[in-house]
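In: Below is the sequence, then the predicted model.
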Amino acid sequence: MSAVLPGPLTRAVKLKQHWVDRLAHLLIGLIALALIAFLAAPLLSILLQALQGHDGEFIWFDNFVEYAKTPALLGSLWNSLWVSCAVTLIVVPLAFTFAYALTRSCMPFKSLFRGITLIPLLAPSLLSAISLIYWFGNQGVLKDWMQGMGITQIYGAPGILLAECLAVFPHTLMILVTALSLSDARLFEAADAMGTTVWRKFFTITLPGAKYGLISAALVTFTLVMTDFGIPKVIGGNFNVLATDVFKLVIGQQDFAKGAVVAILLLAPAVLTFGVDHYVSRRQTAMLTARAVPYSPKPSPVYDRLMTLYCAAIAALVLAMLGMAVFASFASFWPYNLSPSWRHYELGLLDAEVGVAFFNSLKMAAGTALFGTLLVFVGAYLLEKTKGVELLHGLVRLLAVLPMAVPGLVLGLGYIFFFNAPANPLNGLYHSLTLLTVCTIVHFYTTGHLTAVTALKALDSEFEAVSASLKVPFYKTFWRVTLPVCAPALIDMARYFFINAMTTISAVVFLYSPETKVASIAILNLDEAGEMGAAAAMAVLIGLSSTVATLLFMVLAWWTSKRTQAWRGR
Amino acid sequence: MSSPPFLDLRHIRKEFGSFTALQDINLEIRKGEFVCFLGPSGCGKTTLLRIIAGLEIQTSGQLSQDGRDISLLPPALRDYGIVFQSYALFPNLNVTDNVAYGLVNRKTSRPAIKQRVTDLLKLVGLPGSEAKFPGQLSGGQQQRIALARALAAAPGLLLLDEPLSALDALERIRLRGEIRALQRKLGVTTIMVTHDQEEALSVADRIVVMNHGVIEQIGTPLDIYREPASPFVADFVGKVNILPARVIAGELLFGSMCLPCEGPDREARLYLRPEDVLARPIAAGDAHVFDASIDKIEFLGSYCHVHVGSPALGSHKLMVYLSLNFLSEQSLEVGSTLALKLLPERIKVF
């Protein structure tokens, strides 16, 4: 017997391609191309722009050096950093307590409290800034009280801090509620059996269990504040931050190189957040086994009452913010004549031509919801359920999660650099509503992608193998099985795309033209023109249409689940 | 063999990166045969099945089915039906639509499809379940529907990937009997992957025992059991006593016993099945009889695993099967002694 194997012919074996498999390859190739053109290329052109001089010559890091030598710009960097840190330090504990009350107490009205705190997600984030101006601004209701507290004016750091806290709270809360819901009752029972005190249980079971959620919430909060554009624009006054700098540099001074440098500074924390979050979420899922028993809190009158009070206070703050915006939008002439009128709505919609913008917004949101959902779901399906060229799959997988790490402002800037270049054959898209829609789809791609992947992973991985053995092409199984089973996830994705398209500012602020202005941008313009009332009215209108859209999506979900989910839960 | 094999695998090799899952697999399967791939998890049996199905691609090697080279064909162009451990029934389609899934695509007429579904459901013992959804059926029922779906287009080859593993013990035994009866009736060539040796022994015409990506032995269930080709097969299939022994000058020595044995002098291991040590009948003057004392009795119902020691075996213990009736007849308990007889022709030495 020879020690070496009789080595059969080693030549790479490749299956013949069925034309159906070729179709799958073609589709994923197209998606890869789209993501390269509308995500990778714009980002690369920012990088390129940052390394180039005014005449397009390559100058390495001179732009960065010059940036570091401009005290005013460095000041903005410092402002951005400390404001983001401060908001994170304030919001995370507040949201953690709120999430803890929702998941680990027997307080009443849980869904009411939760619902109220999530309402701000339906309106542009700058709604909170507008509202704060009515509360504390030059003609604000509580201006004297505020000055009594030692704050001279709301415009600047205090306003940004407060408005950002209100704006990011729902985002932070959602992450923490998810983290705290993942708990194993058996751990608490074991601790009880050993006579562990409440505090010890909190520090040894609850906190370690929610550790990754807390890290993720803190990072997301930090990044959201750091890259937000609307709030500092409205209430920032002379207090400069990175996000407003980018806008001034690029739109005001046409200094693309420095704008690109700032964009890269904004990209850095987002990429870091993304990396850590990715690592953390892997650890988180590994912690909880399928056999975990969900925790159900036991009534404890004093504690439950305390938690109710706390949540009521937070909910009241949110309602005060929302309520003031609504109230102000109806007030005839703030602060002198508070009698309700449609004046601001008329002014906004008709005179300032926001009506057109509003219609544009609806068109863009509908387009984003329809095409975004279609593109993202088909992409996720091809990645998860078809075999193909490894390299292509890897590329699409990477590009699908990349948008999570790219702030809207940076993406928008990349679009200017890339699509405004006269040499680009896609130049014709610049300023068009199509490009606004595409940009929004790409901006919110990752969340949709992850929703789709989760839904697809829940399906038996052998469906495609069974179909192939039955000689049924994959697209038939996609149509007859995958799509109907995933219908609820699809509607969820469409709703997410729609609402974000209605409320987004940061990505599209660089891309609109007068004809393709959208409603959220119109608010900024109204605010700049001093029409605060009309700005408030338009923000309320966006919130309202998002709410109506949410309700419509709920009806749609109910209807489809009646038609496609009959097999469930029998 | 007179007729050419129905399925012919030649030099199949499969690598996942640097890990070799299968090396040089050669196998011929005749038409109408029921073959089981048996082995511990990770031995490559499922990979081999998926290569036959075209769901994995062999790194090298050729496959032919019914005289046709299928090495490079995608799954859709091969001829087989497959049943997975997870059933993989489409949850949103009812039983009729599931079973007819592959028929609809073949431009069969509606009444013909309906008739075919009715026949298939009768065949798998679930008539009248047409309108139900998979979620309303038990695991065993779902697996029968999956079987009906795989058989719907009358494929030449039926592949079963651990079809019974997700079922409870009783259902498993019932369904494996049904699968065997169905296979006999239809005469469809069938390959079943399993890690359950009892399952393989009870249903297969031939068993392919696999370990670490190679075929250890191919044979009928009785061959595999009685004439294991390697220590692995002897140990993996059925229960076996393993005793250290030595071969010196044509004699096998273990404990104080000595049997004729061929081969060169060497250290060896002796494999002896529990049922090949008899407690009766033992006639006076029989050879290979020794006295043993009972160390432990493991009660398993009608028979018991009895662990015995004996001066004849040195320090080694032996496990034998004794019937409950025998034990009580002879009033044997822990500490009792009894005479046992070895069947030397059944002893395997490796």
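Out: Sure, I can see it.
In: Wait, a strand at residue B:12?
Out: Yes. Assignment of residue B:12 by DSSP: H, G, I helix; E, B strand; the rest coil places it within a strand.
In: residues in contact with it?
Out: Residue B:12 makes contact with B:22, B:24-27, B:48, B:51, B:58, B:60-63, according to CB atoms under 8 Å, 6 or more residues apart in numbering or on different chains. C-beta here means a position set from N, CA and C on the backbone, and glycine is covered the same way.
In: now do residue B:178
Out: B:124-125, B:144.
In: Out of those residues, grab the one that's most surrounded.
Out: Of all those, the most densely surrounded is residue B:144 (26 neighbours; neighbours counted as other CB atoms under 10 Å in any protein chain shown).
In: residue closest to the middle of the chain?
Out: You didn't pick a chain, so chain A it is. residue A:444 (6.4 Å; CA atoms, centre = their mean).
In: right idea, wrong chain: chain B
Out: The centroid of chain B falls nearest to residue B:200 when counting by CA atoms, centre = their mean (2.3 Å).
In: Which helix or which strand is home to that one?
Out: helix B:197-203 (DSSP states H and E).
In: Only alpha carbons, please: show that helix as PDB.
Out: Output of helix B:197-203 as PDB, limited to C-alpha atoms (Å, rounded to 0.1, in the frame of the first residue of the first chain):
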ATOM      1  CA  GLN B 197     -27.600   2.000  12.500                       C
ATOM      2  CA  GLU B 198     -30.800   0.200  13.500                       C
ATOM      3  CA  GLU B 199     -32.700   2.200  10.800                       C
ATOM      4  CA  ALA B 200     -30.100   1.300   8.200                       C
ATOM      5  CA  LEU B 201     -30.100  -2.400   9.200                       C
ATOM      6  CA  SER B 202     -33.900  -2.700   9.100                       C
ATOM      7  CA  VAL B 203     -34.600  -1.000   5.700                       C
END
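In: From the contacts of residue B:178, pick the one nearest chain A.
Out: Distances from the contacts of residue B:178 to chain A were compared by CB to the nearest CB; the smallest belongs to residue B:144, at 15.4 Å.
In: Give me the nearest residue to the residue of the stretch 51-200 of chain B found nearest chain A, chain neighbours excluded.
Out: Closest to chain A within the stretch 51-200 of chain B is residue B:102: 3.0 Å, counting by CB to the nearest CB. In this structure, residue B:102 finds its nearest non-sequential neighbour in residue A:470, 3.0 Å apart by CB to CB, 6 or more residues apart in numbering or on different chains.
In: Could you verify my assumption that residue A:247 touches residue A:230?
Out: No. Using CB atoms under 8 Å, residue A:247 is not in contact with residue A:230, being 10.8 Å away.
In: The two: who's more crowded?
Out: Of the pair residue A:247 and residue A:230, residue A:230 is the one with more neighbours under other CB under 10 Å, namely 28 against 20.
In: Could I get the phi/psi values of the closest residue to residue B:276 other than its chain neighbours?
Out: Residue nearest to residue B:276 in three dimensions, not counting chain neighbours: residue B:346, with 4.0 Å by CB to CB, 6+ apart. Dihedral angles of residue B:346 (phi, psi; degrees, to the nearest 10) stand at phi -90, psi -10.
In: tell me which element residue B:9 falls in.
Out: strand B:7-16.
In: next helix or strand past that strand?
Out: Strand B:7-16 is succeeded, C-terminally, by strand B:19-29 (DSSP H and E).
In: How about that next one and chain A, any contact?
Out: Yes. Strand B:19-29 reaches chain A (CB under 8 Å from any CB of the partner chain) through B:23-24.
In: what angle do that strand and strand B:7-16 make?
Out: 180 degrees (axes from the mean of the first three to the mean of the last three CA atoms, to 10 degrees).
In: For the stretch 101-250 of chain B, what lies in contact range of chain A?
Out: Selection of the stretch 101-250 of chain B residues close to chain A by CB under 8 Å from any CB yields B:101-102, B:105-106, B:133-136, B:149-150, B:152-153, B:155, B:159.
In: just to revisit the earlier point, for the helix holding residue B:200, which positions count as buried?
Out: Residues B:197, B:199-201, B:203 are the ones in helix B:197-203 that count as buried (16 or more other CB atoms under 10 Å in any protein chain shown).
In: In the stretch 451-570 of chain A, where is pLDDT below threshold?
Out: Within the stretch 451-570 of chain A, the segments meeting pLDDT under 70 span A:569-570.
In: and with 90 instead?
Out: A:451, A:454-455, A:457-462, A:464-465, A:468-476, A:485, A:488, A:505-538, A:541, A:557-570 (pLDDT under 90).
In: residue ranges of the helices in it, please?
Out: All helices of the stretch 451-570 of chain A, identified by DSSP state H, counting those that start in this stretch, fall at A:463-469, A:474-477, A:483-485, A:487-503, A:519-528, A:532-564.
In: Can you read off the pLDDT for residue 102?
Out: No chain in the question, so chain A it is. pLDDT, residue A:102: 92.
In: I was thinking of chain B, sorry if that wasn't clear
Out: 88.
In: In what element of secondary structure is it found?
Out: helix B:101-104.
In: By mean pLDDT, point me to the weakest helix or strand of chain B.
Out: Counting by mean pLDDT, DSSP states H and E, chain B has its least confident helix or strand at strand B:257-260, which shows a mean of 81.
In: what's downstream of that one, the next helix or strand?
Out: strand B:266-272.
In: pLDDT on that next one, on average?
Out: Regarding strand B:266-272, the rounded mean pLDDT is 87.
In: can I get the CA coordinates of the host helix or strand of residue B:143 in CSV?
Out: Residue B:143 is part of helix B:139-151 when elements are defined by DSSP H and E. The C-alpha coordinates for helix B:139-151 follow below in CSV (Å, rounded to 0.1, in the frame of the first residue of the first chain):
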residue,chain,number,x,y,z
GLY,B,139,-44.3,15.8,11.9
GLY,B,140,-44.8,12.3,10.6
GLN,B,141,-47.7,13.4,8.5
GLN,B,142,-45.7,16.3,7.1
GLN,B,143,-42.9,13.9,6.2
ARG,B,144,-45.4,11.7,4.3
ILE,B,145,-46.5,14.7,2.3
ALA,B,146,-42.9,15.6,1.6
LEU,B,147,-42.5,12.0,0.3
ALA,B,148,-45.6,12.3,-1.8
ARG,B,149,-44.3,15.5,-3.3
ALA,B,150,-40.9,14.0,-4.1
LEU,B,151,-42.6,11.0,-5.8
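In: Flag every buried residue along that helix.
Out: B:140-151.
In: what do you get for stretch A:461-468?
Out: Buried residues in stretch A:461-468 (16+ other CB under 10 Å): A:462-468.
In: Give me the angle between the helix or strand that the helix holding residue B:200 is followed by and strand B:19-29.
Out: Later in the chain than helix B:197-203, the nearest helix or strand by DSSP H and E is strand B:206-211. Counting by the same axes, to 10 degrees, strand B:206-211 lies at 170 degrees to strand B:19-29.
In: for the next helix or strand after strand B:206-211, packing partners?
Out: In the C-terminal direction, the helix or strand that comes right after strand B:206-211 (DSSP H and E) is strand B:214-219. Applying 3 or more CB pairs under 8 Å, 6 or more residues apart in numbering or on different chains; DSSP states H and E, we find strand B:214-219 packed against strand B:19-29, strand B:206-211, helix B:231-236.
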